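Colleague: what follows is a predicted protein model with its sequence.
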Amino acid sequence: MSRNLYYEDEMMERSFNFAMIRNILQYAKKYKKTYALVMGFLVLTSVLSMLPAYLNMQIINRVLPKDGELLPNFKISAVIIISIWSTVIIGQVVATYINNRVTLRLGNSIVCELRKDMFDKLMQLSFDYYDSRPSGKILVRITTYCDEITQIFVDHLTNIIMNLFNMIFTLVFVCFTEIRLMGWVMLVELPMLVIVYILIRNLQRCARITRNKNSNRTAFVAEDINGIDVIHAFNREDLNGDIIYNLTDQCTKAFMMETHFREAIFPMSHGIIRICCMIVIYVASFLMIQSDPTTLNLGVIVSVTTYMQTFAEAVFNLCQRFQNITTLTTNLERIFELMYEEPAIQDKADAKELPQITGAVRYEDVTFSYLEGEPVLEHVNLDVKPGEMIALVGPTGAGKTTMVSLLSRFYDCQGGHIYVDGHDIKEVTLESLRRQVATMMQDTFLFSREIIENIRFSKPEATDEECMEAAKKVYAHDFIMQMPKGYHTVLTKQGSELSGGQRQLISFARMILADPKVIILDEATSNIDSDTEAQIQEMMHTVLKGRTSFVIAHRLSTIQKADRILFIDEKGIVEAGSHEELMEKKGRYYQLVQKQNG
């Protein structure tokens, strides 16, 4: 499991492919009837946009004087043509308004579903996914990248379809009006499309680099916001400012390289547009001079020229849309990298619900490593009876937290098995396992909401009275009632207005409310002051009674009453026994106690 840092570009496991477009379009499938309506309006809008050029030709041929003389019934012709033209303009306005309104609603609905699926995927992914990359690089996927994808459904997709219709209908009208000009137009347009395709391929490569650099910068900023206290404490403001300047400079350079290819598309397409119009006028004039003038009149030339401008404008708009979509394909790569990610920890196809347990736990020849070839635990065996309190002590990095994390399946062991009441934890569902095996970490996390809602987090259906009772059991009730609004006080910034011990007590109450049969406390009492320690020990004796518990503690006074104390080191259990038994052995645990007592 390699770690990606804020200054490292993420390597793409899957580059953009049309399967991603197909998958993103699946979100539009449920709205296919509405999109059929949109397509109808697009066709209508495209056809209506073709009529003005045809009407121009009719005005020139039927209304304007020829050889200085007005044509018969020119007034009637003028009224009819102008009426039709006015109707066309009104139809275009109405169709465009309805189309834009519908596509905006559809686009935002589709992206809302995409964002929900991304969030659901993040909730399914295991700890190793979050361990391997900065949170900022994850956050930017579900926020910025997802927001930008909205433009595909709201703007780009409908515009591409409409401009394709414009190109098709333009060529049809040109063929209908004067087919001899068609070949010359295509001779110029086809090479332009090849050149634009080459530019788009280079643009996609540069856009991917730009996204990487922006992601790096976002990851650094997110990390600094979370660690702002540490930055101020060690006077890192100027140094971190230099780092963000360097990251921003990398973003700018990548963006300018992307701009180099992106902006090359526009002048090229504009130039080709002018060349096309020039060729049409030249060829048309040549045909008029060399052949019978009656076969190619001024109205035809004006009409065909207008159609070619429309065609060229459609090509130009397509280039612009494809350029934008090319940039967004890098967003799709990042989004679907997340969506294709398989959780390292997931239920088997035939996983069963874990029935009500008594709390018997057995580790059988368990081996685990975070990095291949560097085992943290090797061949660990342990039998725990229901209701037994097991304390884990040992040097930092010995594997204490790893050992209990395997029980909750935050990670899966590579060798051996772990059983709860005789059930292999890999054979039962994660939800049923974690419902009965609860973990409280040293770094408690409180949400920005009312205290009572933080307690209720583990059991959403719990009543206020149940939440308060849980708080009373862990001696949190008194200090909560002293808060401005008691249990309804809203916490901010992970409960920064509370002391470390108070945050842990609220977290304790949250865990007790869930009523688990197995409790894991990972340094959960590390921030409790000495005055509260006696109360906590009494509380633990009461709350943990009848439950199997695993307690990791550096403060040895809190675990002396444990049924067994395990000294973890050298990739396994090196000593095991009660406090008295281990003190009599005068081994590693005895040395640790003596060192802590001074």
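Modeller: Received it, and whenever you're ready, just let me know what you need. These figures come from a predicted structure and were not determined experimentally.
Colleague: kindly provide the distance from the residue sitting nearest the centre point of the chain to residue 118.
Modeller: The centroid of the chain falls nearest to residue 142 when counting by CA atoms, centre = their mean (2.7 Å). Residue 142 sits 5 Å away from residue 118, going by CB to CB, to the nearest Å. Bear in mind the C-beta positions are built from the backbone N, C-alpha and C, glycine included.
Colleague: one step back: confirm that the residue nearest to the centre of the chain sits in a helix.
Modeller: Yes. Membership of residue 142 in a helix is supported by DSSP: H, G, I helix; E, B strand; the rest coil.
Colleague: spit out the contact partners of it.
Modeller: For residue 142, the contacting residues are 115, 118, 119, 122, by CB atoms under 8 Å, 6 or more residues apart in numbering.
Colleague: mind doing that once more with 6 Å?
Modeller: By CB atoms under 6 Å, 6 or more residues apart in numbering, the contact set of residue 142 is residue 118.
Colleague: look up phi and psi at residue 474.
Modeller: Backbone torsions for residue 474, taken as degrees, to the nearest 10, come to phi -110, psi 20.
Colleague: leaving out chain neighbours, which residue sits closest to it?
Modeller: Leaving out its chain neighbours, the residue that sits closest to residue 474 by CB to CB, 6 or more residues apart in numbering is residue 508, at 4.1 Å.
Colleague: the helix or strand hosting the one you found: what's the following helix or strand?
Modeller: Following DSSP states H and E, one finds residue 508 within helix 500-513. Following helix 500-513 in sequence order, the next helix or strand is strand 518-522 (DSSP H and E).
Colleague: parallel or antiparallel, list what pairs with that next one.
Modeller: strand 437-440 (parallel), strand 548-552 (parallel) (DSSP bridges).
Colleague: so for stretch 214-231, mean pLDDT?
Modeller: Mean per-residue pLDDT for stretch 214-231: 76.
Colleague: now do stretch 378-389
Modeller: pLDDT averaged over stretch 378-389 gives 94.
Colleague: can you give me how far stretch 468-486 is from the chain middle?
Modeller: Computed by CA atoms, centre = their mean, to the nearest Å, the chain-centroid distance of stretch 468-486 equals 37 Å.
Colleague: give me the pLDDT value at the nearest residue to residue 385 once chain neighbours are set aside.
Modeller: Nearest non-adjacent residue to residue 385, counting by CB to CB, 6+ apart: residue 360, 6.2 Å away. At residue 360, the model reports a pLDDT of 95.
Colleague: quick check: residue 360 vs residue 260, distance?
Modeller: 67 Å.
Colleague: circling back: against residue 241, how distant is the residue nearest to residue 385?
Modeller: 56 Å.
Colleague: hmm, residue 476 and the residue nearest to residue 474 touching each other?
Modeller: No. Checked against CB atoms under 6 Å, the pair residue 508 and residue 476 is beyond contact range at 7.1 Å.
Colleague: these two: which is more packed in?
Modeller: Taking other CB atoms under 10 Å, residue 508 and residue 476 do not tie; residue 508 has more neighbours (28 against 25).
Colleague: okay, buried residues for the helix holding residue 508 please.
Modeller: 501-513 (16 or more other CB atoms under 10 Å).
Colleague: from the residues you listed, which one has the minimum pLDDT?
Modeller: Where pLDDT dips furthest among those: residue 501, at 78.
Colleague: which stretch of helix or strand covers the closest residue to residue 108 other than its chain neighbours?
Modeller: Among residues not flanking residue 108 along the chain, residue 150 sits closest, at 6.4 Å (CB to CB, 6+ apart). Per DSSP H and E, residue 150 falls inside helix 146-151.
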